[in-house]
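> Need coordinates for the below:
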Amino acid sequence: MPKPEVLAQNDSWQRTVQRTEDSLFSWLQNALEQQWQLPGPLEGSGAIVLGILLAQQRFDKKREFVPEAVLSRWYQQPPWHTAESLQAALGKNWQTWANGKEPPLYIWLDLMGSAMVKRLTIAQEKLMFAQPELQTLLQELMAGKAEKLQTQLQRAWERAQTETARLSAFQRFQFLWSDFQTFQILAAVILGDINQQCHQGLQDWLSRQGPYEETTPILETRAALKQRFNRAVSIYQPRHPPLGETVQAWSKVLLTELLNSDENPAAKIWEILERARIGLASLTVKLPENWERTLGKALWSALRKTIDQLDSGYVPAEYEPWLPLEIWLFQIREWMSIQPPSVETCQQHLGSKEALVQPFFDPMQQRLRVLWLDQQSLALRDLPDDCALPHWGSSTAHAGVMADWSRGLEALRDAALRGTSSQPRNWEKVMQSPPVTQFATTLQNWATDSQLTQLTVIFPAPLAQLPWEALPELEECLVREVSLAHWLKGATQSVADGIPTQSVGTRINSWVVCDPSGEKQCMVKESQWVAQHFNVELEAPCASVFDALSRFSEHTHIHLSTHGQFIRYAPTRSALSLTQYQRLPLWTLTAIQTSAQLVMLSACESNLTGQDIEEVLTPIGIGPTVAAAGAQTVVGTLWSYNGVAALCFSYLFYRIAQENQNMPWHQVAARARYQLKTMTNNDLMKLAKAWRLIHNTDSCDDEIVRRKNKSLESQKPFEDLSMWAGFMVLGQVKR
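Below you'll find the model as predicted:
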């Protein structure tokens, strides 16, 4: 017998495997149950009787309980709609228990004789003791007076439906259930065993992710456990509040106080805005579990002290800091462990023809303003009246720039889910609207007046979703950044030692990966061409989340052709796909440290950072997180993309970079966007021949032909704004 198989039967090895499996299960179960907040055992007369009614239902012909068959009838007509139907639904022996002399509830359940009673889970204090209230309700039912019990049953039924809707809304709750999952969840809620059902469902699901037996050799067992870890990571989504949300709220308060004072606020705004971007790091920096016992206690103590001082007649000085706020800000500095780059430090590394631009929404004036740094000074600048907050609106409003843009985003997402194409016409109107054009023109005029050729802009999250580089005023000069710290790191590296960077065309340390399920979206064909271009092996797919994180830390050039999803209301749960069933969540990317010079995220919404106007400070998204982890330059997309357009953009981008090895990345992208926009059908078909890396017809070829046929009238397959404008560069642009 081979040695690995002998070792696999060793008791110590088996116990180790079991402990590993148990630990993984407990970790995932605890994490998910904290998110879901599952209801406990049944309590209250209405809930208990509702559970008993369901447990008393008849089986189907196979002697199996089919919840969708029973509960769908309840939606039409519940069994408690009349006193007679309720009495019939309760079955036998309930009268005996109701007329007994305070028998414990479990006696009635023993008399029921239903197999489903095994699932019925009632709180112990209800099950083991007398229930006089419930007995009274049943005695009234025997007398034909069912109104009170009917009312309680209806309330319990409505609560169960509400709870089911809440749980069904969790996307990752659904993997535990098969078809008709809403009825299965509703049945478990009514029977009070939702916790046990989830426990069993999670065990069954996890065991299917990497099956093995006691006789499985060690290496195969290890591979199975690795697969289970990988799938568990793709399911788990951290829920505890990130520190960044709290910091944002405080930052708005500080901005309001600062802008309401008479002093020149520019230097302090500089620090507040950068500290607010702790959101980029807060994906891993969370409030400690004991913060209520440490920081919380200190804050309450400080609050009591200030109240006592005021009661005793103490009058604070005009600029004396409030003690609880001072404690809180000190703690934030401790959690961050770094100081924001100073104005002077940034000026030392600022290019002679470059300015650092930080737009932000002034909560006092209710308008967009700009913090502007060049080599001469730091200034707080005002924008035209068209840039006031009401003109931008919000994504939840019916009017304004954000509302119009959000409608286009949703249309593209819906079309992507349906597998159809959509081109939001309102986007042209948005990009030509006064707030957008006035902002772009003002930045251009300021740059021209100061003879600047590069504006490095750190956008607040909502504005970062617009394709500013598509505007002629900004296409050559606009460079995006995510934070001052990331900009300073890139600026410092670019001048260090005067060592020239290798050009992209000669890099050999490249990693190219694709999601094979995206064959129809041309992901496979795109990544095949890129791998051939850089003379490396294509990884399709990446073996696991952990392998992907390892690749990020090892390579200087990375290209991912995958599906991408930005989750608007929970951006930390955004993700890239590795396979149809395997995701690379945004929160896992915070675990990496990468020194990649260029990362191409050829995936939908990979550089999207937000669309809600209220979240003005923290640009959280997949691309910004990769940049915050150390990547020098990240190329990604702002919305859901056509796969043929993404294939063409990648081809043009790398070709232009190879032919112009000193051209900055943002200008490479600008030229690639222009060539994509002006490409003709003939150009597309010529390129298709060069991409034919496999000789038989595939679904990507079909998509190319379909794209060509849709543009027969104009002969330009990608001229619409949604096809070419959303590919953008984030970070350092020097090569």
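
> Strands of the stretch 451-600 of the chain, residue ranges please.
Assigned by DSSP state E, counting those that start in this stretch, the stretch 451-600 of the chain shows strands spanning 454-457, 478-480, 510-514, 538-539, 557-561, 564-565, 575-577, 583-585, 598-602.

> Using JSON lines, please lay out the ones you listed together with mean pLDDT and mean neighbour count.
The way it works is simple: take the backbone N, C-alpha and C, and place the C-beta from them, glycine included. Shown next, in JSON lines, are the strands of the stretch 451-600 of the chain (pLDDT from 0 to 100; neighbours: other C-beta atoms under 10 Å):
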{"stretch": "strand 454-457", "mean pLDDT": "97", "mean neighbour count": "22"}
{"stretch": "strand 478-480", "mean pLDDT": "96", "mean neighbour count": "25"}
{"stretch": "strand 510-514", "mean pLDDT": "96", "mean neighbour count": "25"}
{"stretch": "strand 538-539", "mean pLDDT": "94", "mean neighbour count": "18"}
{"stretch": "strand 557-561", "mean pLDDT": "97", "mean neighbour count": "26"}
{"stretch": "strand 564-565", "mean pLDDT": "90", "mean neighbour count": "23"}
{"stretch": "strand 575-577", "mean pLDDT": "91", "mean neighbour count": "24"}
{"stretch": "strand 583-585", "mean pLDDT": "87", "mean neighbour count": "23"}
{"stretch": "strand 598-602", "mean pLDDT": "97", "mean neighbour count": "25"}
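
> how about those in CSV, adding distance to Leu111?
CSV is the format used below for the strands of the stretch 451-600 of the chain (distance: least, C-beta to C-beta, whole Å):
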stretch, distance to Leu111
strand 454-457, 74
strand 478-480, 71
strand 510-514, 62
strand 538-539, 63
strand 557-561, 62
strand 564-565, 52
strand 575-577, 52
strand 583-585, 50
strand 598-602, 63
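
> Ser23: which of the ones you listed is closest?
strand 583-585 (20.4 Å; C-beta to C-beta).

> Pairing partners for the closest one, with directions?
strand 575-577 (antiparallel) (DSSP bridges).

> Just give me how far the strand it pairs with sits from the chain centre.
Strand 575-577 has its C-alpha centroid displaced from the chain centroid by 9 Å (C-alpha atoms, centre = their mean, to the nearest Å).

> Can you tell me what sits against that strand?
The contact list for strand 575-577 (C-beta atoms under 8 Å, 6 or more residues apart in numbering) reads 515, 517-518, 560, 562-565, 583-586, 601, 603, 606, 622.

> Residues in contact with the longest strand along the chain: which ones?
Longest strand in the chain by number of residues (criterion: DSSP state E): strand 354-362. For strand 354-362, contacts defined as C-beta under 8 Å, 6+ apart pick out 255, 259, 269-270, 273, 346, 350, 367-374, 389, 439, 443, 446-447, 450, 452-460, 463, 484, 487, 613, 616-617.

> Using PDB, write out the CA atom coordinates for it.
Extracted C-alpha coordinates of strand 354-362, given in PDB (Å, rounded to 0.1, in the frame of the first residue of the first chain):
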ATOM      1  CA  GLU A 354       1.000  68.900 -12.000                       C
ATOM      2  CA  ALA A 355      -1.700  69.800  -9.500                       C
ATOM      3  CA  LEU A 356      -3.400  67.600  -6.900                       C
ATOM      4  CA  VAL A 357      -7.200  68.200  -6.900                       C
ATOM      5  CA  GLN A 358      -9.600  67.100  -4.300                       C
ATOM      6  CA  PRO A 359     -13.300  67.900  -5.000                       C
ATOM      7  CA  PHE A 360     -15.600  67.600  -2.000                       C
ATOM      8  CA  PHE A 361     -19.200  68.600  -1.100                       C
ATOM      9  CA  ASP A 362     -19.300  71.500   1.300                       C
END
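
> What strands flank that strand, and is each parallel or antiparallel?
Strand 354-362 has these strand partners (DSSP bridges): strand 367-373 (antiparallel), strand 454-457 (parallel).

> Let me have these in TSV, extended by distance to Ala188.
TSV is the format used below for the strands paired with strand 354-362 (distance: least, C-beta to C-beta, whole Å):
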stretch	distance to Ala188
strand 367-373	50
strand 454-457	51
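
> And the residue lying farthest from the centre of the chain, which helix or strand is it part of?
Distance from the C-alpha centroid of the chain peaks at Lys101, with 57.1 Å (C-alpha atoms, centre = their mean). Using DSSP states H and E, Lys101 sits in no helix or strand.

> separation between it and Leu273?
Using C-beta to C-beta, to the nearest Å, one obtains 73 Å as the distance from Lys101 to Leu273.

> any idea where the helices of the stretch 201-350 of the chain begin and end?
Counting by DSSP state H, counting those that start in this stretch, residue ranges of the helices within the stretch 201-350 of the chain are 218-235, 243-259, 266-276, 297-311, 323-336, 343-349.

> In a markdown table: the ones you listed, plus mean pLDDT, mean neighbour count and distance to Asn290.
Output for the helices of the stretch 201-350 of the chain, formatted as a markdown table (pLDDT from 0 to 100; neighbours: other C-beta atoms under 10 Å; distance: least, C-beta to C-beta, whole Å):
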| stretch | mean pLDDT | mean neighbour count | distance to Asn290 |
| --- | --- | --- | --- |
| helix 218-235 | 81 | 18 | 26 |
| helix 243-259 | 76 | 18 | 15 |
| helix 266-276 | 87 | 20 | 23 |
| helix 297-311 | 89 | 13 | 10 |
| helix 323-336 | 76 | 15 | 13 |
| helix 343-349 | 94 | 15 | 35 |
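
> before we move on, the earlier item: same question for the longest strand of the chain, mean pLDDT?
Average pLDDT, strand 354-362: 93.

> Now do that strand: distance to the chain's middle.
For strand 354-362, the distance to the chain centre is 26 Å (C-alpha atoms, centre = their mean).

> Likewise for stretch 378-385?
That offset, for stretch 378-385, works out to 33 Å (C-alpha atoms, centre = their mean).

> Only the buried residues of that stretch, if you could.
Leu378, Leu380, Leu383, Pro384 (16 or more other C-beta atoms under 10 Å).

> I'd assumed Trp372 was in contact with the third one.
This points to Leu383. No - with contact defined as C-beta atoms under 8 Å, Leu383 and Trp372 do not form a contacting pair (11.0 Å).

> Now name the helix or strand holding the nearest residue to Phe183 once chain neighbours are set aside.
The shortest distance from Phe183 to any non-neighbouring residue, by C-beta to C-beta, 6 or more residues apart in numbering, is to Glu68 (3.9 Å). Here Glu68 sits within helix 67-76, counting by DSSP H and E.

> same thing with Val729?
Going by DSSP H and E, Val729 is part of strand 727-731.

> Please list the outside residues in contact with that strand.
467, 469, 479-482, 486-487, 490, 607, 623-624, 627, 631-638, 649, 653, 665-666, 669, 672-673, 676.
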